[in-house]
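Student: Quick one: sequence plus predicted model below, questions after.
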Amino acid sequence: MIFEPLDLVAKLAAIVPPPRFNLVRYHGIFAPASDWRKRIVPFEDGGSMHCPGCKPDKETAGEEDQKPNRCHPRNYSWAELLKRVFKIDVLECPACGGRMRILCAINPPEAIRKILDCLGLPCRAPARLRLS
């Protein structure tokens, strides 16, 4: 098939799903809110399913009616995303190869401006070049 450039872009745009749209949908017993889901979906009771801070209660460990206490990381940190997508470890020290850690995040623009001025670094982005 041969398309004009605009037709090709229109056909490609039509099949791209909207942002944050789940492409897999479950219904019936596999639906997330189904009462019978816990009877058919396997659950591993190993320690790998629990975070260090989330430990199942010893009293309720044998009860089937209790929901398992699992932690699912929903968001990755920016460093993990860069490592997964671009295979760049931004937390590796360029000088010694050791692991760096994030000490804090500075959000107020005036605090960032004061820190950059103190360090002698520019606090504004460079001007864009105009191509004419």
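Tutor: Done, it's in. These numbers were taken from a predicted model, which means no experiment stands behind them.
Student: Not counting residues beside it along the chain, what's closest to residue 32?
Tutor: Spatial nearest neighbour of residue 32, chain neighbours left out: residue 26 (6.9 Å); criterion: C-beta to C-beta, 6 or more residues apart in numbering. For every residue, glycine as well, the C-beta is placed using N, CA and C.
Student: Need the pLDDT of that neighbour.
Tutor: At residue 26 the predicted local distance difference test score is 81.
Student: Likewise for residue 80?
Tutor: On the pLDDT scale, residue 80 gets 87.
Student: Quick check: the residue nearest to residue 32 touching residue 33?
Tutor: No. Residue 26 is not in contact with residue 33 according to C-beta atoms under 8 Å; the separation is 10.0 Å.
Student: Residue 20 versus the residue nearest to residue 32, what's the distance?
Tutor: 17 Å (C-beta to C-beta, to the nearest Å).
Student: which of the two has more neighbours?
Tutor: residue 26 (12 against 5; other C-beta atoms under 10 Å).
Student: For the more buried one, give its distance to residue 42.
Tutor: Applying C-beta to C-beta to residue 26 and residue 42 gives a distance of 15 Å.
Student: now do residue 106
Tutor: Going from residue 106 to residue 42 by C-beta to C-beta gives 45 Å.
Student: Which one's more surrounded, these two?
Tutor: residue 106 (10 against 4).
Student: tell me the SS of the closest residue to that one other than its chain neighbours?
Tutor: Counting by C-beta to C-beta, 6+ apart, residue 112 is the residue found nearest to residue 106 once chain neighbours are left out, at 5.5 Å. Secondary structure assignment for residue 112 (DSSP: H, G, I helix; E, B strand; the rest coil): helix.
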